[in-house]
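Peer 1: got a sequence here, can you model it:
(chains A, B, C and D)
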Amino acid sequence: MEKIREEIKEIVRQALASKEVDLILAWEKGQLWYDSYPAFFTEEQGVDSLVWDQFCVNNLSKYLLDDGMAGQKVGILVKGCDTLAFNQLVQDNRIIRDNVVLYGLPCSGMIDPAKVRREGLDRGLIKIKKTGDQLIFVNKEQQIKVLPTQVYYDKCLTCHYPNPVIYDRLIGEKVANETLATHAGRFSAVEELEELSTKDRFAYWDQQFSKCIRCLACRNICPACSCEQCTFDDSELEILGKAKENSEDKFFHLIRAYHVAGRCVDCGECSRVCPQGIPLEKLNRKLIKDINELYGEYQAGLDPSIKGPLVTYQLEDTDTFTAGERGRKQK
Amino acid sequence: MQRVGVFICWCGTNISSTVNIEQVVAALENIPGVVYIKDYQYMCSEIGQNLVKDAIKEQNINRVVVASCSPRMHEATFRKAAAAAGLNPYLVEIANIREHCSWVHKDKEAATQKAISLTRAAVAKAILNEQLIPGEVGVEKRALVIGGGIAGIQTALDIAEAGYQVDLVEKTPSIGGKMAQLDKTFPTLDCSACILTPKMVDLALNSKINLYSYSEVTEVNGFVGNFEVTINQKARSIEMEKCTGCGICLAKCPAKKALSEFEEGLAKRAAIYTPFPQAVPNVPVIDRETCIKFVTGKCGLCAKLCPTGAIDYEQKDQIVNQKYGVIIVATGYDLINLDRFGEYQYLDHPDIITGLEFERLVNAAGPTGGKLVRPSDQKQPKKVVFIQCVGSRDKSERGKAYCSKICCMYTAKHAMLLRDKYPDCEAYVFYIDVRTAGKGFEEFQRRAVENYGVNYIKGMVGKIFPGDNQLQVNGVDALSGELLQLEADLVVLAAATQAKPEADEVARMLSISIDRDRFFTEAHPKLRPVETHCAGIYLAGACQGPKDIPETVAQASAAATKAIGVLSKNKLVNNPCVAKVEQAVCSGCLACIKICPYEAITEQVIEEKTRGKVRLRRVAEVNETLCQGCGGCTVACRPGAIDLKGFSNQQILAEVDAICR
Amino acid sequence: MSVIASDAVIKKEAGFEPLIVAFCCNWCSYAGADLAGTSRLNYPANIKIIRVPCSCRVNANFVLRAFQRGADGVIIAGCHPGDCHYMTGNYYTRRRMSLLKNLLEFIGIEEARFKIDWISASEGNKFAEVMNDVLAKVHQLGPNRKLRDSRWRR
Amino acid sequence: MLREKITPDTTKKEIGQISEISDEKILDCLQCGKCTAGCPAIHGMDIMPHQVIRLLQLGQVDKLLASTTIWGCAACFTCLSRCPRKVDLSKIMEALRLIVLRTKGNQRLEIDKVPELLAKQIPQQAIVSGFRKYVK
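Peer 2: Prediction:
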């Protein structure tokens, strides 16, 4: 990754120097070992602090909506999952494709600091190296070999798009798909819940939703939640109050998931940023799974020119409610 | 400040025998905003309406709630009454306490509580009602008819007869359609051309009708009263004004290898051709694919011979833009492709033909001069087998699940004509069922059996084996349970009818719907059979479903009447309960555009200032005359930037809240 | 199961009066309800109808709001697919509400509480049947507590 | 012979079994006879293919179970490929055979007879197919 990092820096410097772009969205190293936070670079000199490591999990594409970007040519570093988000924003007409230069970065997975801590690998950590299939955590005393599956984010373990699906320039070699765990497992958590009884499912979700503090981080990070004004903030309509009330928590989470149905790229950012650890991706994936099963496989953000599943229909579509109970799998 | 007046109708005893009116009045008194309550025996009567009018004037109420029968019944009545008293009619709301309450419930207490609840919901909604003003649009007094078969011809003539301008667009070089190809017509056996060609001439001579032959509609925008249509007049390579139709060019053209479309490929035609002698307009067209001048650059014989110099090799397609008040779709039908019916060998043997080809073979103006001979050896057949339901009533991928409707009758006609002309020729008809619903149809088919000795066999043909001289037809007589093996000279297949392959494209262009079988869908299968869901667009003929000639003509005249109804108006009023966009909230995702069935939403770029910077933003905009008010867009819109007037998000939520109280 | 539950039968049961909110499209199902009325078909008063122009006008948040405000069941009724007055409206309803129904089930809401059905203007009988059926099922399930706002009293 | 019942007896157990095994809809058939007209194995049949479905529609399974037709069907699918209603007769024939074979003591092909058949130089493939079709 170091080698590629230098290559990235060089490309970024050139792009800024040649005025190919006015600014570049990338990551910068913070104080702590796991801190690789979003940053934008406008000058060549500043590029030294740019970082590309296994903590660059933040999806930068939603920053393109910032008013500050208006009228500028913006460069952006994007991983596979980020490009899906980018495409979704293009499809929703939130970004003008031609105003952006995409620097694609193949990614073999990002490390979850929480897992590192859980494994006790963070003590005295100096650096993390990658050799072949393994990660080596180097501290003062020793080098510990770790399998990526132990420390990668869950969402990376079921990633299907390690390589950017769209880019203007690709930096580094494409990652082979096999290096990651299978995509097939992504619905297993949903299926487990579907197997439960109605009562148990409710108990599970009731407990999860009751943790919600309505910080709206899930909404704010979401590349499919890009409205000028969110319906939850509509003071005239008042569909959501401010009280900590169970029914409102459920209302919020159901409508949030429903509003991204057919547009959720399954980047998993919502559950990653949730401070309360609510497994929001399960709601999203439930909808994705149903869409795939009922109305055909669809991956949001893969091709902005294809109409999303909720803005189109087929005459012979199935449903989940008429007498034949076709298409229903849940208990 | 909203001042709501509530008017509760007893409907004689229809409501009051189940709903305790006094209790309803008492309950409503406590609702904020309700300033006046009145109940009366018949609110829809003149006296009842006057109660509403007086209250508007005297009590200064500005919202009216009528608790009575279904809004589908008297909403319009009370809106008119309100308007007469100077109140915007869309400030009236109806609570349905008859059909949805007193008539379906027996328990008086429960029904009374429900009536209160429904009225409360209507009050909640009424308070949020806004003044709406329906728009008016002018009507372009000109009709467009797409398709020049018998359906299109009849429609155009009828509309012209009423005094309106009609443009008829026909794709092929001549009008006439399928009917022009037919020999005789059932059940009267009069000659098709004899009854059709006079109509074609009438059309050509009618000063109100403008014919665009060899032309296609390429784009349709707009809405009822104001359709904007683009027509592409394909290059004919002949100047229509100069051509006298003398026919020298047709006779002398050296390229005579193309198969005649009109003769169903049973004869050849020249590269410069009129489809048939009675064609309207009687002006040839050059088929640029087979014309030697166009292919090799050498020839030009027709131009040299033409006495009026009408030939123009340089002619280009011409685009015509025209506005219309109404559109009639009469694009007709086709026969299905028989490629996939391998057992009938249609593609492999010349003596296995379709019913339409048979029409040409027995037609006096056809390739054989009306003498029925086998295409293979020009000999007269002695035994002819007709097979019905080839692809009709067929659920497999090869066929069509519906009944093609016309085949039973035309097969009977074919067999009868055959036996009439050539009594020594045997006729066998294989059928699944014989369907003869229609005036004189059953009698006609029985004549074929009883007077003409046509052998009807209930059963099907499994396979045809072409022999040296004859066709071995292996079939079954399902009634007797016997296998049959017939040595036939000619086999006629009643191929299923199907919608035109272009139907999808036409439906998309016109925003009308098509069914599973690609036929256009009427607005209501019984009560609105010639209208489409798109106001101002009507259907005529077999483009809506299989039809024979009398039905087609009846439907064509019906469509014309509907069209005249619109054309006779100077202004059309539209429903004001349409979508509106709050552009400040709109994110420009334009999901609304994708789902709008009326193309009523368009994209607009607006300028906005944020943090001192001007930025351009894409937003949606609703064309209120196109919008029909379904509200589908409002749900696709996540932030609620697009809302439906008269049924706004806020109003429906208020109703929910009021009902749940 | 089709139970003809008259008002009286429902009443007897331990004081539980279910509330069902039905969103009916103006052209088919609302007219079907009118027909049920003109045919004097009996169904319980617990069902309250809100008129919408088309089933595709029904937003997911209307459904959830009804549950929040104390509805024990919600019905959406529209024209049969292919018969939509607005050509395509119910095709979108079909997709949207199929997903919403599954989603509600997924978080543990009983399936019978949320009913979507196609009822044409000529199906007064079906209208009454569907209403009776939903009510009987909801009655068995008992009051909806899972989505109700604890502050809301009806 | 007079038929006692005019209304089809579709409540019969066998009718249920047949539709379960074959997954075919017998009511789709229009009795056009196309299956019969094209059947290459018709000469070994005492009941014609289209009549098979008619009898099923009437609930008269017994006649079919005793017929030679169900054993004569070669399952060549000619009928299916031409059927306008997509009724797969060979599946129905198979279901009928299975009902006979599954009945206790029934066997169409006795294993002892095999050497005898082999002596007649029947291709091995035919014997294998025969086992599949005629033996439990």
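Peer 1: do a quick rundown of the helices in chain C.
Peer 2: C:7-12, C:29-38, C:60-68, C:89-106, C:124-141 (DSSP state H).
Peer 1: output those in CSV; the columns should cover mean neighbour count and distance to residue B:72.
Peer 2: To be clear about C-beta, it is placed using only N, CA and C from the backbone, and glycine gets the same treatment. Compiled in CSV, the helices of chain C are given as follows (neighbours: other CB atoms under 10 Å in any protein chain shown; distance: least, CB to CB, whole Å):
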stretch, mean neighbour count, distance to residue B:72
helix C:7-12, 14, 25
helix C:29-38, 25, 6
helix C:60-68, 25, 21
helix C:89-106, 25, 18
helix C:124-141, 22, 13
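Peer 1: out of those helices, nearest to chain A?
Peer 2: Across the helices of chain C, chain A has its closest neighbour in helix C:89-106 (3.7 Å, CB to the nearest CB).
Peer 1: buried ones in stretch D:77-89?
Peer 2: For stretch D:77-89, a neighbour-count test (16 or more other CB atoms under 10 Å in any protein chain shown) marks D:78-80, D:82-85, D:87-89 as buried.
Peer 1: identify the farthest-apart pair in these.
Peer 2: D:78 and D:85 (15.0 Å; CB to CB).
Peer 1: buried ones in stretch D:39-49?
Peer 2: D:39, D:41-42, D:45, D:47-49.
Peer 1: any idea which residue of chain D lies closest to chain A?
Peer 2: residue D:25 (14.8 Å).
Peer 1: tell me the contacts of the residue lying closest to residue A:213 once chain neighbours are set aside?
Peer 2: Among residues not flanking residue A:213 along the chain, residue A:276 sits closest, at 6.1 Å (CB to CB, 6 or more residues apart in numbering or on different chains). Residue A:276 makes contacts with A:211-213, as judged by CB atoms under 8 Å, 6 or more residues apart in numbering or on different chains.
Peer 1: helix or strand: which one has residue A:276?
Peer 2: For residue A:276, there is no enclosing helix or strand under DSSP states H and E.
Peer 1: one more: residue B:597?
Peer 2: Per DSSP H and E, there is no helix or strand for residue B:597.
Peer 1: go ahead and confirm it touches residue C:90.
Peer 2: No - using CB atoms under 8 Å, residue B:597 makes no contact with residue C:90, being 11.3 Å away.
Peer 1: would you map out the domains in the chain?
Peer 2: This is for chain A. A:1-107+A:160-179, A:113-151, A:187-331 (automatic domain parsing).
Peer 1: not quite, I wanted chain B
Peer 2: According to automatic domain parsing, the domains of chain B span B:4-128, B:142-234+B:317-332+B:500-567, B:248-305, B:335-498, B:579-645.
Peer 1: if we can go back for a sec, biggest separation within the buried residues of stretch D:39-49, which pair?
Peer 2: Most distant of these, by CB to CB, are D:41 and D:47, 12.5 Å apart.
Peer 1: would you reformat the domains of chain A as JSON lines and include mean pLDDT and distance to residue B:274?
Peer 2: Formatted as JSON lines, those follow (pLDDT from 0 to 100; distance: least, CB to CB, whole Å):
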{"stretch": "domain A:1-107+A:160-179", "mean pLDDT": "90", "distance to residue B:274": "52"}
{"stretch": "domain A:113-151", "mean pLDDT": "86", "distance to residue B:274": "77"}
{"stretch": "domain A:187-331", "mean pLDDT": "90", "distance to residue B:274": "41"}
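Peer 1: buried only: go through the contacts of residue A:276 for me.
Peer 2: Those of the contacts of residue A:276 that meet the buried threshold are residue A:212, by 16+ other CB under 10 Å.
Peer 1: dump the contacts of residue A:276 to CSV, plus secondary structure.
Peer 2: Converted to CSV, the contacts of residue A:276 look like this (DSSP: H, G, I helix; E, B strand; the rest coil):
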residue, secondary structure
A:211, coil
A:212, coil
A:213, coil
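Peer 1: out of the contacts of residue A:276, which is nearest to residue B:273?
Peer 2: For the contacts of residue A:276, the nearest to residue B:273 is residue A:212 (76.3 Å; CB to CB).
Peer 1: next, give phi and psi for the closest one.
Peer 2: Backbone torsions of residue A:212, given as degrees, to the nearest 10, read phi -60, psi 130.
Peer 1: how much space between residue B:57 and chain C?
Peer 2: Distance of residue B:57 to chain C, computed by CB to the nearest CB, to the nearest Å: 29 Å.
Peer 1: same thing with residue A:40?
Peer 2: Separation of residue A:40 from chain C (CB to the nearest CB): 36 Å.
Peer 1: tell me who's in contact with the closest residue to chain A within the stretch 351-500 of chain B.
Peer 2: Evaluated by CB to the nearest CB, the stretch 351-500 of chain B has residue B:401 as its residue closest to chain A, separated by 13.3 Å. By CB under 8 Å, 6+ apart, the contact set of residue B:401 is B:393-395, B:517.
Peer 1: do the same with residue B:620
Peer 2: Neighbour list for residue B:620: B:581, B:583, B:586, B:588, B:590, B:592-593, B:601-604, B:641-642 [criterion: CB under 8 Å, 6+ apart].
Peer 1: in chain D, where is pLDDT below threshold?
Peer 2: In the predicted model of chain D, residues D:1-11, D:119 satisfy pLDDT under 70.
Peer 1: one more time with 90, if that's ok
Peer 2: D:1-17, D:19-20, D:23, D:25-27, D:44, D:57-60, D:74-75, D:102-136 (pLDDT under 90).
Peer 1: residue of it nearest chain B, please.
Peer 2: For chain D, CB to the nearest CB, closest residue to chain B: residue D:38, 2.6 Å.
Peer 1: now that residue. Its backbone dihedrals?
Peer 2: Backbone torsions for residue D:38, taken as degrees, to the nearest 10, come to phi -110, psi 0.
Peer 1: ok, now the one 10 residues further on?
Peer 2: Reported as degrees, to the nearest 10, the phi and psi values for residue D:48 are phi -70, psi 150.
Peer 1: same deal with residue A:319?
Peer 2: Dihedral pair for residue A:319: phi -140, psi 180, per degrees, to the nearest 10.
Peer 1: so it touches residue C:96, yeah?
Peer 2: No - contact criterion CB under 8 Å: residue A:319 and residue C:96 do not qualify, at 10.3 Å.
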